[in-house]
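> need a structure here:
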Amino acid sequence: VAAALGLVLPFTLFGYAEQHTSSALAGIANATTPLFVLPLAAFVFRTERFTARSATGLAVGFAGVLVVLGSLPASGELLCLAAAAGYGVGIPYQKRFLSEYPPVATAAAQLLVAAVPLGILAPLVAGPPVVTVPAGLSVLVLGVLGTAAGFLLSLHNIRTHGATGAATVTFLIPVVAVAAGLLVLGERLA
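Below you'll find the predicted structure:
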């Protein structure tokens, strides 16, 4: 469940959606993850309390999403929001059912389970793989540093700070996404 909702669904949806939206809007959509995590952690998984302060934060965050998107989101943004919702289910699920297990074992199990459907879906979404030494090294570096190390940190944060606290790291993603979009991809800031 954690691998499907917290890895396969978001990785696939973000991978496809990024072909149809800017990195800035994808990053902003990813930052909505806590808006999904908080109500699920409080009311479905019952790992956190829903307080007046958290309700205010949820309302402000939701208003911010409406302001940034400005109108009904296009298909790419909707897919990014669906991916964030996948994280929104996966994070409190991990807190409720998996935080008692060692993070390395949990991360390894989820990544191995997710590798099978992602190995099937990736060529369907992105086309056949490009097999070159630089591409292989890129996959290795992104897999180890971007996915495995990031996932271990996420599991540590879930265990230490709770689902909502761990999800707030997604507030940093728009900053990086906008900067990378401008500097690396040549996207314009509208």
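> And the helix or strand of the chain with the lowest mean pLDDT, what does it pack against?
The weakest-scoring helix or strand in the chain, judged by mean pLDDT, DSSP states H and E, is helix 52-69 (a mean of 85). Contacts defined by 3 or more CB pairs under 8 Å, 6 or more residues apart in numbering; DSSP states H and E place helix 52-69 against helix 23-30, helix 33-39. Where you see a C-beta, it was placed from the backbone N, CA and C, and this is true even at glycine.
> which stretches of this protein have low pLDDT?
70-73 (pLDDT under 70).
> And the helices in it, which stretches?
Assigned by DSSP state H, the helices in the chain fall at 2-3, 9-17, 23-30, 33-39, 52-69, 75-97, 103-126, 133-141, 150-167, 173-183.
> what's near enough to touch residue 102?
Shown in contact with residue 102 (CB atoms under 8 Å, 6 or more residues apart in numbering): no residues.
> Next up, the contacts around the closest residue to residue 17 other than its chain neighbours.
Of all residues not flanking residue 17 in the chain, residue 79 sits nearest, at 3.6 Å (CB to CB, 6 or more residues apart in numbering). Going by CB under 8 Å, 6+ apart, residue 79 touches 13-14, 16-17, 20-21.
> ok, now with 10 Å
Counting by CB atoms under 10 Å, 6 or more residues apart in numbering, residue 79 touches 12-21, 26, 29, 73.
> cool, residue 122 as well?
Contact analysis of residue 122 by CB under 10 Å, 6+ apart lists 11-12, 15, 115, 128-129.
> ok, the closest residue in space to residue 75 that isn't next to it in sequence - how many residues close by?
For residue 75, ignoring the flanking residues on the chain, the nearest one in space by CB to CB, 6+ apart is residue 20 at 5.9 Å. Using other CB atoms under 10 Å, residue 20 is surrounded by 15 other residues.
> Look up how far residue 6 lies from residue 20.
23 Å (CB to CB, to the nearest Å).
> Kindly report the same for residue 74.
Taking CB to CB, one finds residue 74 at 25 Å from residue 6.
> For residue 4, see how far away residue 168 is.
Counting by CB to CB, the gap from residue 168 to residue 4 is 24 Å.
> do the same with residue 36
16 Å.
> Same check on residue 183?
As judged by CB to CB, residue 183 and residue 4 stand 34 Å apart.
> okay, the two: which has more neighbours?
The residue with more neighbours, out of residue 183 and residue 4, is residue 4; 15 against 9, by other CB under 10 Å.
> are any of the contacts of residue 79 buried, and which?
12-18, 21, 26, 29, 73 (16 or more other CB atoms under 10 Å).
> that older thread, where's the least confident helix or strand of the chain relative to the chain centroid, distance-wise?
18 Å (CA atoms, centre = their mean, to the nearest Å).
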